[in-house]
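Peer 1: Just a sequence and a predicted model for now, questions to come.
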Amino acid sequence: MEHLTKETFLEKVFNFEKNAEWKFEGELPCLIDFYADWCGPCKMVAPILEELSKEYDGKINIYKVDTEAEQELSAAFGIRSIPSLLFVPMNSQPQMAQGALPKDAMKQAINDVLLADATAKA
């Protein structure tokens, strides 16, 4: 799992400085965890994301954004509560989920939002 800075986010996910409209820059659909070290629910989500990154290796990328270190990124997405999970499909609009989702719910969102979109357009 890769931690994104603003620079790597602009390169791998969405260059919001150049594009007003959503334009995904990545090569695989991705899931982005907006978190903070002091946040209890974020700590519960972390091991689940580790497992998912192994299970879906090569199919999706999972990224983490530290909302304390990357306040501009958090502001760009209007992050008010953490954890916030941004599901970014290849071809359609990203979808935000707030709160610590259980693994089943994350898998369902990955399959429905990220992978269904990729298959539909392929």
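Peer 2: Ah, there it is.

Peer 1: show me where the protein has helices.
Peer 2: Ranges of helices in the chain, per DSSP state H, are 6-12, 40-55, 71-76, 103-109, 116-121.

Peer 1: Minimum distance to M96: which of these has it?
Peer 2: helix 103-109 (10.7 Å; Cβ to Cβ). Every residue, glycine included, has its C-beta placed from N, CA and C.

Peer 1: Lowest-scoring secondary structure element of the protein by mean pLDDT?
Peer 2: helix 116-121 (a mean of 69; mean pLDDT, DSSP states H and E).

Peer 1: Could I get the contacting residues of L52?
Peer 2: L31, I62, K103, M106, K107, I110 (Cβ atoms under 8 Å, 6 or more residues apart in numbering).

Peer 1: Can you tell me which of the residues you listed is closest to S84?
Peer 2: Once Cβ to Cβ is applied, the member of the contacts of L52 that ends up nearest S84 is L31, at 11.2 Å.

Peer 1: Would you mind measuring from G26 to I79?
Peer 2: Distance, G26 to I79, using Cβ to Cβ, to the nearest Å: 19 Å.
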